[in-house]
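S.K.: Please find the sequence and the predicted model below.
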Amino acid sequence: MMLRLLLLLLLLLCCLFVALVSANIQQIDIQFNSYCNPTHQAVEWNGGSKCCDDFNSCTNPCDNYFLICVHPNITGEDLNCLSDLIYTGDLGDDETTCGELSSLYNLSVPLSPEQSVPLQLYVKVIDDDPGYDDLVDVFVITVDVMAFSDLQIYDGMYGYGTLQVSFMATCTEHYFGLDCATFCEERDDELGHFTCDGDGNKVCLQGYQNP
């Protein structure tokens, strides 16, 4: 019983931490670093697989464009995008984008005070074909404060591709750090004599110590 209560308390503290950190995030910047579909396959109408641009050998790469949406962490078909549903246009085929670390696409999502992370990043990959476009893969990625700044590799729902994405938070005023959890507001009064460096560390004014 005691162990269960301790686990529940730990869960509540984790949720509180995420909520407090989320309130300090002004904007989330999303960088799409690379996309790779080495098999050149897309999704068949019945849920199976097929080649993107030929019937048998799958030697021709898909001509990929992406539909991107950032929305609250909810389930269902209603995406409720916080930003407009983005159509990227053709960003290249499987071979030109696979493994490249240069940015494919950047997206900035401003957050209002009532919004919080985690959010979900929804990415649909589509093969651009004359007449009828083919679904290649779908990625549903949780945007978590613990994933900020790290390059993450995600598998598609249909297993045909991988997507490399990194997240960066822009903090509200006086908050610092990758997850905006560090508070620092410079002052020169009876409560302290210091400025703040780029990481939110207190830096003493000349003639003072121990800010």
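M.R.: Alright, I've got the coordinates. Numbering: from 1, shown residues only.
S.K.: Spit out the contact partners of the closest residue to residue 158 other than its chain neighbours.
M.R.: Among residues not flanking residue 158 along the chain, residue 137 sits closest, at 5.0 Å (C-beta to C-beta, 6 or more residues apart in numbering). From N, CA and C alone the C-beta is placed, and that goes for glycine too. Residues near residue 137 by C-beta atoms under 8 Å, 6 or more residues apart in numbering: 37, 43, 124-125, 156-161.
S.K.: Just checking, which helix or strand of this structure averages the lowest pLDDT?
M.R.: Least confident helix or strand, the chain: helix 2-23 with a mean of 40, by mean pLDDT, DSSP states H and E.
S.K.: what's the next secondary structure element after that one?
M.R.: strand 25-36 (DSSP states H and E).
S.K.: So in that sheet, which strands flank the helix or strand following that next one, and in what orientation?
M.R.: Downstream of strand 25-36, the next assigned helix or strand under DSSP H and E is strand 41-43. When sheet partners are counted by DSSP bridges, strand 41-43 sits next to strand 49-51 (antiparallel).
S.K.: Next SSE downstream of the partner strand?
M.R.: Later in the chain than strand 49-51, the nearest helix or strand by DSSP H and E is strand 63-72.
S.K.: So what pairs up with residue 25 in the strands?
M.R.: residue 171.
S.K.: And residue 155, by the same measure?
M.R.: Beta-bridge partners of residue 155, as defined by DSSP bridges: residue 162.
S.K.: Could you pull up the residues touching residue 153?
M.R.: 162-164.
S.K.: what do you get if the cut-off is 10 Å, keeping everything else the same?
M.R.: 33-34, 36, 162-165 (C-beta atoms under 10 Å, 6 or more residues apart in numbering).
S.K.: what ranges of this structure fall below the confidence cut-off?
M.R.: 1-22, 73-80, 82-84, 95-103, 112-118, 144-150, 211 (pLDDT under 70).
S.K.: still on that earlier bit, what helix or strand is the residue nearest to residue 158 located in?
M.R.: Assessed by DSSP H and E, residue 137 sits inside strand 134-143.
S.K.: List the buried residues in that strand.
M.R.: Within strand 134-143, the residues that count as buried by 16 or more other C-beta atoms under 10 Å are 134, 136-139, 141, 143.
S.K.: Same check on stretch 191-199?
M.R.: Buried, per 16+ other C-beta under 10 Å, within stretch 191-199: 193-194, 196.
S.K.: Now tell me what touches it from outside.
M.R.: Stretch 191-199 is contacted from outside by 174, 176-178, 182-188, 201-211, using C-beta under 10 Å, 6+ apart.
S.K.: What residues are bridge-paired with residue 64?
M.R.: residue 92, residue 127.
S.K.: and it, how many neighbours?
M.R.: 25 (other C-beta atoms under 10 Å).
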